[in-house]
Every structure is written in structure tokens, then in C-alpha cells.
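Chemist: below are the sequence and a predicted model; questions follow.
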Amino acid sequence: MRPMLVQPAELGSSNERGGVAALKTEIANTSNCRRTRRCVEDGLGGRFLLVEAAKVNKHKPWIETTYHGIVTENDDRVLLDPPLIALDKDAPLRYAESFEVTLTEEGEICGFRIHGQNVPFEAVVLDKSTGEGVLRAKDKLDCELQKEHTFTIQAYDCGEGPDGTNMKKSHKATVHIQVNDINEYAPVFKEKSYKATVIEGKKYDSILKVEAVDADCSFQFSQICNYEIVTPDVPFTVDKDGFIKNTEKLSYGKERMYKLTVTAYDCGKNRASEDVLVKISVKPTCKPSWQGFNKRIEYEPGTGSLALFPSMHLETCDEPITSIRANIELETNHIGKGCDRDTYSEKSLHKLCGASTGTVELLPAPSSAANWTVGLPTDNGHDSDQVFEFNGTQAIKVPEGMVSTSLKEPFTISVWMRHGPGAHEKETILCNSDKTEMNRHHYSLYVHNCRLIMLLRQDPSEAENYKPAEFHWKLDQACDKEWHHYVLNIEFPTVSLFVDGTTFEPFLVTEDYPLHSSKIESQLTIGACWQDNSGHDNDTESVSEPTSGGNAKMAQFFRGNLAGLMIRSGKLENKKVIDCLYTCKEGLDVQLPEEIASAVKVEFNPNQSSLTVEGDDIDAFDKVMQHISYLNSRQFPTPGIRHLRISTTVKCFNEESCVSVPDAEGYVMVLQPEEPKISLSGIDHFARSAAEFESQEGVTLFPELRIVSTITREVEADAESEAAEGTDDDPTVQETVVSEEIMHNLDTCEVSVVGDELDGEHEGLEVDMSQLQQHSLEMSSSNLGLVITGVNTMANYEQVLHLIRYKNWHTEALFDRKFKLVCSELNGRYISNDFKVEVNVIHTANPVEQANNAMVQPNFINPVHHASLDLSGHNLVNAHQASVVPSAATIVIVVCVSFLVFMIILGVFRVRAAHQGTMRDQESGKENEMDWDDSALTITVNPMETYEDQHSSEEEEEEEEESEDGEEEDDITSAESESSEDEEGAEPEDQQAASRQQQLEWDDSTLTY
């Protein structure tokens, strides 16, 4: 209850008119007003009486029963019909002009309450006395989420008592709110792009339909009212429903594909956010052909078989077909020697194919052990094997002793050759002729007018009869400029020829007398014949080195490419080995399901570069074509293109109108394989005593060699890991580089000496031959080093290289020796790092009597002999020389070692003095029972032990510091020296002694007691 001011003269009239409450008044005089303080003056002489209103709230507020409202999305103002007004009968009438304030609060409207779950509206009272209110949204509304809202509202007055019982509430009214839409969304097409195919010369009512949608909630703004082709000058139109049609007949010859840009508008004239691309392909009138295959097919190495035509089918234009015959050809003539094969040396390939030993490789890759092919032009890269080019002016001589072939025994010649149509002169591949005086050819293999001819002249014999001398084969392969593999098995008087694994019989065999007896040596040459100057050969070339008996010439030069020329004596190659040498590592393959295997006939050529499919069921024929695949079994295939060609022949019921299917062409792209990185690691610097170098075992060069091969690949970053790391917004983080260790073979490891060549009289490299034979490896050596060849695993090569030993029988003047190791795979395609090893020689000496007792070892301490010392490049010599080396370097070394020994002895005495002081402080301890009196002992420290325990890099740093600071003690490491200098003034003497004693520890594991 709130007090109010009323004039005393008006109290009666107020009660007579009724008012809103009974008033209890007390008429008082001026003194009473002042005493009770219930009267106040108005400043004009008038007085008012302070009156209290009674607590009366008889009526409830009143509102309408139903309201309808409209609100626009993204706005909070609600328009209600009718307006939100609450009435209360308890409210006073405003006709009493003398009243200064409202008599009660029970008639006022204090607020509105909204009932319902998650109602996004609130009601606010604008005027409590009039009960006027307004409805507004709490947050911005979205018509697309909810178009209408329904809830109830209730008004309450301000008649609250202490317990809240005087407050009156109105009835609940229902409110319906509709959210009006605004055109905030643009049309969006359902597809990112549209494609269609039409046939030329035809006008369509509808080619395809584009469709866009609008996310607005209202009918007006969500409807698409119009589509439009943005691309100008195209023979197409689109209607309001999105149907596209052509306005004129299309021509395949004029345009094969049209690209249109189409946009859409909603009924609010809002344009699509992104226009859509429509591709319309124009097909020619139906022509029989292969359809549904990609021209480019990518093959990733190591993935096995790859289907070439997974979706291919033959379009016959509804022509009745009786039979189909298709030939699929994979062109690999430009890859290697006709296709992708292992690019190991020919000798290694013979071993892999099971050929027996005894093969001599006449065209090896240039190396220190085989250098006669150095300077011969090649046309290969590291992706292929060694291919030599002969242009009609080059020829090479094979060193003496490489081949000792006797025609009395069978022997084999094999070669890869690529030769085109040439001149009419003879072109020699291999020739064995007189070295001097005469021009007799003992045996030779040459090409003449696309004929391969093998000449065999018998040695002198008792019977001077005609015998077969020349074997002629007329071969298209000899002049087609393609690679072919030739194997000649010679077992006199017969010669068998295999070309690409197929046997050919000679069409002509001529006879001749045997050669006359002679003591003239013969010369084996490749690419031409070595002969005396006969004067009748125009195709000759003078040789710089003179020979007795006339001017030596090369004649009958070869023009073409040769590779893998081998000769083997005493053994014949069997057919299995020949097939293995020729078989490709890539080719076509087909795996047919059982249900269609009987419906077609499939045939392969020998190297699987082509296959033929025959059948009469088109559906089955299509399924066979879809199962044809490409396979490359090499771990590191040769990258590049392999062309594909499909030739098709069909037969129809009506031969006159039978369709003709054009050839289909494409290509397989073999991607670049991930190149391995071959890494050699191990101990690269160590020292051994001179006695070990001179011993029977020698010094092992690579005791801890490790061969590892890794590949580095880029992989896409995982989306989840990117989200976790917060890299989604970083456009630069796209790929991750991963290094992965792999296993593969090696075919060559070469150990070469760095510096002066090996002196065979005093030094050499040796390897365990039994291990080589066990792993089918071969070794060749020279004064430059040794080469181990053969295809084998990296682990087996490690095992063999661990056993390579270096011996030297004259070490007096030797202080160090350096070697380099390099390994390779696939005939030099992948080469390792250069792993260099430096070996130092430690010269030992006989004992000499010394006057100083400090240099004498106690009898109960056995001398420690170290078999291996890591000196990091320092050549140290003991003071006791077994044999004096007359050189200034030796004297300098002896002086340095003597100074080092002196400094160590000085350090020992200082440690002993500190140790004795410490021992006196600990005499009461029981642990001293195990100690002994070392006062009479003299400790001799081997100066080499310090170097044994340190790495080469640490030794170099320490010696540099020792040379700069002469006051440092030599038995203290660089790190410990700095610590002792910093703390020398602050540490107690016993702590310093203990520290130095710890620094003087040595390895006593070899001592005997």
C-alpha cells in the first residue's frame, strides 16, 4: 500500500463518489498535522492530508482470445491483429482532476507471459496503465526452418501482496504467427554439369533437361520461373522448364561437341549463384566401331594386371553378324630390345635362366675389368640395358684369352641384333681371323643381303675332303629394323638357329676344304673383320697400331645395333633356356570366366605381345574384350608409351552389305617407377696393426657394412589428421613425403682402390671363393680392385662383402690405404653412394730396456694386445720399433708418442697422490679389505687405448684442442678439461683427485689375475 495526498475538504466527495477503496481519515488541526506529520504544505498556504489506500484487487485482466501476427524473417517486429492490449476493471477513472497520483496499483498491467516450448518470441508491456503491449522475436527468424509459430499468452496485473496472492492473471489467448519470406537464396542446379549425346542430322524435341532448385520457403521465391542459355551463337534453346533442344540439324564434321553455359532465375528475379556447364556431343551417323574405351591407359608399376577395355563394346548398327575376329596388338618394339625385359647383364640373365657356367660376354658394360667396349657408341639409357651402336666405322677387338673355342667341341653363340636393309657388302657381327700375314677367316657370323650366314672353316686334318663351311638363312628378321634374339647351336657339322625362340633351318649349305696348317695366331673382333691389307676391300679402316706382315685393316663393317653377344664352349643351350632369354616381362593377358571361355577362341603369340579372339556371340565377345589386361612383372619397369591397336574383321549373312569395323587405337602409359636409393654405410675409418695386414687372414675392409634401399613417395595427407592438426585452412599442406625401405636384388659391387694402384707383389684383395660359389656370384680382379657380379639379394651381397680382405706383405713404408665401394642394380640403372673406407697401419715394435721404472709393467699384470684401433687418421708408432723406418715421418711420430707417454705418466702420479689422500680418510671402512697397497706399483698406460674408445671425429677435435693448450693433461677429454678448469679453484682437493681418478679409468676386461 502506497500513501497519497488528498485535500481535507475533498474527502467527503471522494467517499460519496465511491472511488476504489474506503479511506480511513483523521481530521486534525494544524498542530495535530505537525505532531503526527500526516499533513504537508503545498507551499501556497494549502495543506494536504496523507491518506492510505486499502488493498483491493477484485478483477482479473482481460485480453482477446485469439491473435494473428506476421513477422518478416531476419526481423524481430511482429504485427498483431488485434493489437495486444490488456484491460483491468480495477484501473481508476481519470475524471478526478484534483487527484495528484493514481490511487492503486492493482489496476495496472505488469506483464504478459508466453506459454509453450522453445517459443522464439517475447511480450513486452509498453504502458502499464493502459495495458498496451507488443510482441517481438527474441532472435532473427528463418522461414526456411519454420514458417509458422503457435503459442498462448496471458496477462497479469500488478496487485501483488507479500505472498503474491493478490496478483490476477487473465485467461490464455492463442497466438498464430506467420513468418514472411525474403528472397535470400539464389537458384542452385542439381548437377555440377550435364552431358548428352546426339546424332548428327537429327532435330530433337528435347535433348536433356537441366533443373535448378531454390532454398527459399515461400512459393514466390522458391519457384524457378526462367532458364537462359548464356553462351551466344549456339544452335540450342531452353524453355522455362529446363528442356534443351537444338534449333537446327547438327553436323559431326562441323562441331563434335558443344559446351553451353546455362543459368536460372527464380520468380523474384534472383539469378543462380553458379551457372552450369552443359556438354552436348555430336555423334556421326551410326558407324560400326569399338566404343567405350579410353585412348590413354595409365599403368602404375607394381599393381599387377590392368584391364585395358573394362567398358568396351562393339557397335554393329543392328547389322546381323555371323562371326567376329579381332587381333589386339601391343607395340613394344621401341622398349629395350623389343619389349620390357630384365636389364641385367647378359651373363647374369643366362644364369637366371638356368644356363650352365662357361659363358663369355663379348659386349659387356664398360668397367675396370672389361674395358674393351669403352668408347663404343650406345643408344640406350639407364632404363634399358646395354645396347651398342655400330654405324659402319667402329669395331672392337676382344682381348686375347677371353675365348678359347675349339671347333671340335660344340659351342653356342647368342646375340641380340637390330638391322635394317643395308648395302650389298658383307656386314660382320663376329669374326675370328688370322692376326698377321694372311686373311683367313676361321669362323664368322655376318649379314649379307638380308641373309644370316655362319662361316665355319675346319682346322687341318688328315682327310682333305670337302666339308660344310657356310650355312645360309634367309630371314626377314635380319632386315626389318626390329630387335630379334639369335641363338646358334654349333655342333659340327650341323648348326641350329633359333630366332626369337623359333627354329629355322638353313636353306643353303656350302662346302669347302679345311684350312692349311699354320702357326699364325687369330684375332677375335666384333663389328668388322681383322685382316691384312688385301687391296680389294673398299670398306676398310686403318688401325693405328702396326702389325707385322703388312698393313692391318678392318673390313666388312656392321651397321646396326648389337647387344648381349655371348659365346659358350662345350655346352649347348636347350630350348627352355632360349625361351627364358627371349621371354618378355610385359605383355597381354586374359582371364576368362567359365561361362564365356567355351564361346570364344583366344590365341597368343610367343611373347604375348598380341592375341587373337574369335567368336560368333557379340555379347560373349564383348566380355572377352573387357577381360583383356596388360601385365608388367618387373619391379622397376621401363616407363613410356606402349601403343595398342585392335584390328577387327566381321562376317554377315549378307556379304554384300556387311559392315566394316575400323581399327581402334590407344596406348598404355607405364608411369615412372619410384626409384630406389641404395645406401651403403658402416665403419669408414679404422686402424689395424701391421701384423694383421701381413697375416694369412689379412684385414677385413667392410666388417659392419649395411646395404639398405629406400624409396620416397608422396602420399595425400589424411583428412582426419588434417582436421585434428588444424591444417584444413592451409592450402599449402597437401602431400606428405614418406620414405619406405624396400628389398630388391643387386647385380654388381665394385671395390676400387683410391690412390695408387695395387702392387701385386706386395698387396692384394681377396674374397672367400666358397661364399661366391654358394651364392652363384663371380669375381674379377685387377690392379684397380675387384668386381663381384651376379644377380642376388642385398643380404647375400652384404655377407660376401663382409669377407673381403686386404693383405699387404710389405708394410714398413705403408701408413694408410683407401678403398671405395659402389653397388648397382639392373646393369647400372640404380647406383649406390660411394662408400669410402680408410685403413691406417699401426707399426708395432720389440721391447727395449728402459732405465725408468715407471715404464716397467708389474709381473702380475699381463700386457694387453689390441687387435683393432680406431685412430681416425693418425698414424702412431710405438717407441720400440721392430724395424726402423728411415723416414722423417717416423721420427716425428716417435717424438710425439714419447711426449704423450710423458704427459700420461705425469697425470698418473698426480692421480696417485690424490688417491692416497682419499684412502687415508677411508681407512676405517670395511670395503678396504679388497684393496691392495699400490704404492710400489708403477702403471704403464698404453697410449693407444685412448684412441680405441673414441670415435674418429672426437679424436680430431681433441687433438686440435690439445695442440692449442699445452697445459692440458692428455688423458682428459676436451669436455672434461673445460669442466676441471672452471672448477679448479672451488673444488676441494679430494673431489679433484676423485674426478681425475675417474678420468684415468681403462678397460681391464682383457687382464688376467
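Modeler: That came in fine, so what should we check first? Residues are numbered from 1 along each chain as shown.
Chemist: where does the stretch 651-800 of the chain dip in pLDDT?
Modeler: 656-657, 715-736 (pLDDT under 70).
Chemist: quick one, strands of it?
Modeler: Remark: strands assigned in the stretch 651-800 of the chain by DSSP state E, counting those that start in this stretch are 664-670, 677-681, 685-689, 699-700, 706-716, 735-742, 745-754, 763-766, 778-782, 785-793.
Chemist: adding mean neighbour count and distance to L814, write these out as JSON lines.
Modeler: Where you see a C-beta, it was placed from the backbone N, CA and C, and this is true even at glycine. Below are the strands of the stretch 651-800 of the chain laid out as JSON lines (neighbours: other C-beta atoms under 10 Å; distance: least, C-beta to C-beta, whole Å):
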{"stretch": "strand 664-670", "mean neighbour count": "18", "distance to L814": "52"}
{"stretch": "strand 677-681", "mean neighbour count": "17", "distance to L814": "25"}
{"stretch": "strand 685-689", "mean neighbour count": "22", "distance to L814": "11"}
{"stretch": "strand 699-700", "mean neighbour count": "21", "distance to L814": "11"}
{"stretch": "strand 706-716", "mean neighbour count": "14", "distance to L814": "28"}
{"stretch": "strand 735-742", "mean neighbour count": "10", "distance to L814": "39"}
{"stretch": "strand 745-754", "mean neighbour count": "22", "distance to L814": "13"}
{"stretch": "strand 763-766", "mean neighbour count": "18", "distance to L814": "8"}
{"stretch": "strand 778-782", "mean neighbour count": "17", "distance to L814": "20"}
{"stretch": "strand 785-793", "mean neighbour count": "21", "distance to L814": "17"}
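Chemist: pretty sure H419 contacts W483?
Modeler: No - taking C-beta atoms under 8 Å as the definition, H419 is not a contact partner of W483, at 9.7 Å.
Chemist: overlap in contacts of these two?
Modeler: N561 (C-beta atoms under 8 Å, 6 or more residues apart in numbering).
Chemist: looking at the two, which has the bigger crowd around it?
Modeler: Taking neighbours as other C-beta atoms under 10 Å, H419 and W483 compare with H419 leading, 25 against 22.
Chemist: pLDDT score assigned to that one?
Modeler: Per-residue pLDDT puts H419 at 91.
Chemist: got it, and V487?
Modeler: For V487, pLDDT reads 91.
Chemist: who does it bridge with?
Modeler: Here V487 sits in beta bridges with S414, F498, as judged by DSSP bridges.
Chemist: what's the burial count for it?
Modeler: 23.
Chemist: quick check: it vs D684, distance?
Modeler: 46 Å (C-beta to C-beta, to the nearest Å).
Chemist: and V600, by the same measure?
Modeler: 63 Å.
Chemist: can you check F604 too?
Modeler: Look at F604 and D684: by C-beta to C-beta, they are 53 Å apart.
Chemist: same check on A186?
Modeler: A186 is 70 Å from D684, by C-beta to C-beta.
Chemist: before we move on, what about E470?
Modeler: Distance, E470 to D684, using C-beta to C-beta: 59 Å.
Chemist: check D834 too.
Modeler: From D834 across to D684, the span is 11 Å (C-beta to C-beta).
Chemist: over to Y443?
Modeler: 50 Å.
Chemist: what does K249 give?
Modeler: K249 is 80 Å from D684, by C-beta to C-beta.
Chemist: the more surrounded of V600 and D684?
Modeler: For V600 versus D684, neighbours defined as other C-beta under 10 Å are more numerous around V600 (20 against 15).
Chemist: just grab the bridge partners of the closest residue to the more buried one other than its chain neighbours for me.
Modeler: Closest residue in space to V600, ignoring its immediate chain neighbours: G615 at 3.8 Å, by C-beta to C-beta, 6 or more residues apart in numbering. Assessed by DSSP bridges, G615 has beta-bridge partners I324, V600.
Chemist: wait, what's in contact with G615?
Modeler: S323, I324, A599, V600, K601, F621, V624.
Chemist: and those residues, which of them are buried?
Modeler: Buried residues within the contacts of G615, counting neighbours by 16 or more other C-beta atoms under 10 Å: I324, V600, F621, V624.
Chemist: from D214, how far out is the closest residue to D239 other than its chain neighbours?
Modeler: Using C-beta to C-beta, 6+ apart and skipping residues adjacent in sequence, the residue nearest D239 is Y227, 7.1 Å away. Distance, Y227 to D214, using C-beta to C-beta: 13 Å.
Chemist: ok, now C286?
Modeler: If you go by C-beta to C-beta, the gap between C286 and D214 works out to 41 Å.
Chemist: those two: which is more packed in?
Modeler: Neighbours were tallied for C286 and for D214 using other C-beta under 10 Å; the higher tally belongs to D214 (23 against 13).
Chemist: shaky segments in the stretch 301-450 of the chain?
Modeler: Counting by pLDDT under 70, the ranges of the stretch 301-450 of the chain that qualify are 368, 379-385, 405-408, 423.
Chemist: tell me where it has strands.
Modeler: Taking DSSP E, counting those that start in this stretch, the strands of the stretch 301-450 of the chain run over residues 306-307, 313-315, 321-331, 359-361, 388-391, 396-397, 411-418, 427-434, 441-447.
Chemist: can you lay out the ones you listed as CSV showing distance to I297?
Modeler: Formatted as CSV, the strands of the stretch 301-450 of the chain follow (distance: least, C-beta to C-beta, whole Å):
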stretch, distance to I297
strand 306-307, 7
strand 313-315, 17
strand 321-331, 11
strand 359-361, 37
strand 388-391, 32
strand 396-397, 42
strand 411-418, 27
strand 427-434, 38
strand 441-447, 38
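Chemist: select, out of those, the one closest to K818.
Modeler: Closest to K818 of the strands of the stretch 301-450 of the chain, according to C-beta to C-beta: strand 359-361, at 30.2 Å.
Chemist: now do the end-to-end distance for stretch 225-245.
Modeler: In stretch 225-245, first residue to last residue: 18 Å (C-alpha to C-alpha, to the nearest Å).
Chemist: centre of the chain to it, how far?
Modeler: Stretch 225-245 has its C-alpha centroid displaced from the chain centroid by 48 Å (C-alpha atoms, centre = their mean, to the nearest Å).
Chemist: okay, buried residues for it please.
Modeler: Using 16+ other C-beta under 10 Å as the test for burial, stretch 225-245 gives N226, Y227, I229, V234, F236, V238, G242, F243, I244, K245.
Chemist: kindly report the same for stretch 285-298.
Modeler: Going by neighbour count (16+ other C-beta under 10 Å), the buried part of stretch 285-298 is P288, S289, W290, F293, I297.
Chemist: contacting residues around the residue nearest in space to the middle of the chain?
Modeler: Of all residues in the chain, the one closest to the mean position by C-alpha atoms, centre = their mean is R713, 0.8 Å from it. By C-beta under 8 Å, 6+ apart, the contact list for R713 reads E674, V737, V738, E740.
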